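Trainee: Structure for the following, please:
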Amino acid sequence: MSLKNITIGIDFDDVLSDLNSRAIEMANEEYGLDLDLKDITSWENTGKASVIKKYYKTAEVHRRQYVTEETKELFRKIRNEGEVFIVTAIAPEFMGLRHQQIKEAFPDFPDENIIMGKQKHLIKFDIILDDCPDNVFRSTSSFPVLMRRPWNNDVTGLLSVNNLNDFLQLIHQIKSSIAGITSEIHTPAVVALVGPSGSGKTAWMKKILENKSFAHPVSYTTNADNSIHHKYISQKEFDEMNFIESTMYGGYGYGTKAEDIAELMNCGLSVVLPLDICGAIALKRKLPTLMVYCKQDKGTLIEKILERNCSINEKKLRLLALDQERKHETLCDLTIEKANDIGKIFKLLY
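Mentor: Take a look at the predicted model:
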């Protein structure tokens, strides 16, 4: 991957423009319903919002779509990072309308960089952004990224962002990692432990905490079954909290508050946290953070996922994300695998 010619593929529907919001709007108007985006709970849309499917086949739903001014500005900034392509899965009869939409929103965007069709996984970019989990799982791109939406909240382990600003920051992190650029870290700092499910992040954290210069802050979750390592809160409480980093994992929210980390660091303590890659990157943007990849062989990872006390669907999602998660090593500052590797962390920080 050349930093000068980095290629970025971006989906249109529900990434740059709001397709499902408009379909929900049409259903509510026609049937007098009170549907919300959160009612779309899966990509297949088999729940109570499944009524909106019929609108995907109409021109009206596409005519109602629009691109916000904030999106236009962020898209302009993303274009400064590399060569951007808009990749859109649109029915043939609406391709002309989609081209018109794109050109109205982004008048100077080159026609040759608009790609229409459903076989997105056949196109290889350096980075892609899509809200469809299947497109991300099947992608041949170097860094596939999922745009978080209510219908993909149960997807686990993938690079993911909540908005285009997060995506822009992720691009910066990817480019810095590729270029081998690491910022100098001063203590106290955050040690973010990254790795697939079963890679031993919690075990590594306990080893690091044996060093009294480290502490683990309170972290919060909406998963009542995971209250041993996290503080359980309701989804409503979670949505209202101002987290410095948060993520969805197996359909549950996990987050850490800035003030909890600051309280420890103000006492001169470094902080250690097991995180997904996106949480680690979010922290790195705001605090001196060492991203540490916890490496484990694939066979062991598969065994541990299969042994987990969770639903079949969650196990399937974790297995699907495994190969993508193993690629995250390239985004980290340091890899640990053997017991004595823990000294690498202390050497870099002290």
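Trainee: contact partners of the helix or strand Lys304 falls within?
Mentor: Using DSSP states H and E, Lys304 maps to helix 298-307. Helix 298-307 is touched from outside by 196-199, 315, 318-319, 322, 326, with contacts defined as C-beta atoms under 8 Å, 6 or more residues apart in numbering. For glycine as for every other residue, the C-beta is placed from the backbone atoms N, C-alpha and C.
Trainee: Could you pull up the residues touching Glu112?
Mentor: By C-beta under 8 Å, 6+ apart, no residues touch Glu112.
Trainee: so how far is Asn135 from Phe125?
Mentor: Noted for Phe125: a distance of 12 Å to Asn135, by C-beta to C-beta, to the nearest Å.
Trainee: Quick one: mean pLDDT over the helix holding Lys304.
Mentor: Mean per-residue pLDDT for helix 298-307: 91.
Trainee: Next secondary structure element downstream of that helix?
Mentor: Per DSSP H and E, the helix or strand that comes after helix 298-307 is helix 312-326.
Trainee: quick one: Trp43 from Thr330, how far?
Mentor: Per C-beta to C-beta, Trp43 is found 28 Å from Thr330.
Trainee: should've said Phe143
Mentor: Distance, Phe143 to Thr330, by C-beta to C-beta: 9 Å.
Trainee: Who are the contact partners of Ile6?
Mentor: 81-83, 126-127, 175.
Trainee: In contact with the closest residue to Met265 other than its chain neighbours: list those residues for me.
Mentor: Closest residue in space to Met265, ignoring its immediate chain neighbours: Pro188 at 4.5 Å, by C-beta to C-beta, 6 or more residues apart in numbering. By C-beta under 8 Å, 6+ apart, the contact set of Pro188 is 264-265, 268-271, 288.
Trainee: Which of these are buried? Put it as a PyMOL command.
Mentor: The buried subset of these, as determined by 16 or more other C-beta atoms under 10 Å, is captured in PyMOL by this line:
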select buried, resi 264+265+269+270+271+288
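Trainee: Any idea which of the contacts of Pro188 the model trusts least?
Mentor: Pro288 (92).
Trainee: from memory it sits against His186, does it?
Mentor: Yes: judged on C-beta atoms under 8 Å, Pro288 makes contact with His186 at a distance of 5.7 Å.
Trainee: So which of the contacts of helix 298-307 wins on neighbours?
Mentor: Sorting the contacts of helix 298-307 by how many neighbours each has (other C-beta atoms under 10 Å) puts Pro196 first, at 28 neighbours.
Trainee: First-to-last residue distance for stretch 266-279?
Mentor: 21 Å (C-alpha to C-alpha, to the nearest Å).
Trainee: Repeat that for stretch 33-52.
Mentor: Stretch 33-52 has an end-to-end distance of 11 Å (criterion: C-alpha to C-alpha).
Trainee: Surely Lys72 is within a strand?
Mentor: No: looking at Lys72 with DSSP: H, G, I helix; E, B strand; the rest coil, it is helix, so not inside a strand.
Trainee: Let me know the pLDDT of it.
Mentor: At Lys72, pLDDT is 98.
Trainee: What residues does it make contact with?
Mentor: 105-106.
Trainee: And it, how close does it get to Pro107?
Mentor: Per C-beta to C-beta, Lys72 is found 10 Å from Pro107.
Trainee: Glu325 too?
Mentor: Distance of Glu325 to Pro107, given as C-beta to C-beta: 39 Å.
Trainee: Looking at the two, which is more packed in?
Mentor: More crowded of Glu325 and Pro107, by other C-beta under 10 Å: Glu325, with 22 against 7.
Trainee: nearest residue to that one other than its sequence neighbours?
Mentor: Pro196 (4.1 Å).
Trainee: Leu159 now?
Mentor: Val145 (4.6 Å).
Trainee: Kindly give the local confidence score, pLDDT, for the one you found.
Mentor: 96.
Trainee: Let's verify it: helix, strand, or coil?
Mentor: Assignment for Val145 (three-state DSSP): strand.
Trainee: how far is the helix holding Lys304 from where the chain is centred?
Mentor: Average the C-alpha atoms of helix 298-307, do the same for its chain, and the two points are 23 Å apart (C-alpha atoms, centre = their mean, to the nearest Å).
Trainee: Kindly export that helix (C-alpha atoms) in CSV.
Mentor: Provided in CSV are the C-alpha atoms of helix 298-307 (Å, rounded to 0.1, in the frame of the first residue of the first chain):
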residue,chain,number,x,y,z
LYS,A,298,-5.6,-19.4,15.2
GLY,A,299,-6.4,-22.9,16.3
THR,A,300,-6.4,-21.9,20.0
LEU,A,301,-8.6,-18.9,19.2
ILE,A,302,-11.2,-21.1,17.4
GLU,A,303,-11.2,-23.6,20.3
LYS,A,304,-11.8,-20.8,22.9
ILE,A,305,-14.6,-19.3,20.8
LEU,A,306,-16.3,-22.6,20.6
GLU,A,307,-16.0,-23.2,24.3
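Trainee: Cool, thanks, signing off.
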